[in-house]
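Peer 1: what follows is a predicted structure for the sequence shown.
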Amino acid sequence: MNNIYLVGFMGAGKSAVSRELHQKLGWKTLDTDELIVEQEGMEISDIFAKKGEAYFRQVERDVVKKLTNERHLVVACGGGVATKEENQAEIKKGGTVVLLSASPETILERVSRNNKRPLLEGKKTVEDIQKFLDERQPFYEKVADITVNVDGKTIEAIAEEILSHIDL
């Protein structure tokens with residue numbers, strides 16, 4: 001196995017779980033959103049506002065493609081990575097894809113005070129989040145090798161569950 005890719009909706013815990021897996025495996029952890037912010041020199045909300053979502057998705061695709069050839073990475077993928085076929089192919093080729101699944105209530109609790117989520121601006125209700133999940137869940141499930149429900153679990157327990165399903 002080359003890499004572990006964590007996919008799922010924003011607020012599912014991809015970044016926190018990637019850091020925990022880094023501690024357990026010693027593998028480098030990367031966050032596609034953080035790489036984009038670093039590369040572009042601006043926050044994702046500013047990229048959306050100034051350059052548009054289409055531009056952001058192109059940059060995201062380029063970042064994902066670069067990571068495919070690296071080894072022993074734990075990659076926290078932005079919430080939209082798995083919704084694009086070309087990204088799905090890249091992450092499947094690059095390693096094991098783990099879907100972190102969370103209820104709309106868990107997601108709302110985690111993102112309610114975060115203003116750096118452009119897709120949720122003015123849409124921070126359980127109903128709005130459920131609509132987004134309904135749209136994205138089929139993509140997440142299609143690409144996932146493993147699914148872990150994160151509701152009510154500690155980051156350590158989630159990481160242990162992932163590792164119990166992976167042959168290293």
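Peer 2: Perfect, thanks for sending it. The shown structure was predicted, so the numbers you read here are calculated from the model rather than taken from an experiment.
Peer 1: name the SS class of Glu127, please.
Peer 2: helix (DSSP: H, G, I helix; E, B strand; the rest coil).
Peer 1: please tell me how far it sits from Asp134.
Peer 2: Here Glu127 is placed at a distance of 11 Å from Asp134 (C-beta to C-beta, to the nearest Å). C-beta here means a position set from N, CA and C on the backbone, and glycine is covered the same way.
Peer 1: could you pull out the strands for the protein?
Peer 2: Using DSSP state E, the strands of the chain run over residues 3-7, 28-31, 73-76, 95-101, 146-149.
Peer 1: quick one, what contacts the residue sitting furthest away from the middle of the chain?
Peer 2: No residue in the chain sits farther from the centre than Lys50, which is 22.9 Å out by C-alpha atoms, centre = their mean. Contact analysis of Lys50 by C-beta atoms under 8 Å, 6 or more residues apart in numbering lists Met42.
Peer 1: and for the one 10 residues further on?
Peer 2: Residues touching Glu60, when contacts are defined by C-beta under 8 Å, 6+ apart, comprise Thr32, Ile36, Gly78, Gly80, Val81, Lys84, Asn87.
Peer 1: try it again with 7 Å
Peer 2: Applying C-beta atoms under 7 Å, 6 or more residues apart in numbering, one finds that Glu60 lies in contact with Thr32, Ile36, Gly78, Val81.
Peer 1: just among these, which is most surrounded?
Peer 2: The residue in the contacts of Glu60 with the most neighbours, by other C-beta atoms under 10 Å, is Val81 (29 neighbours).
Peer 1: quickly note the distance from the spatially most central residue of the chain to Lys50.
Peer 2: The structure's the chain has its C-alpha centroid closest to Cys77; by C-alpha atoms, centre = their mean the separation is 3.2 Å. Relative to Lys50, Cys77 is positioned 23 Å away (C-beta to C-beta).
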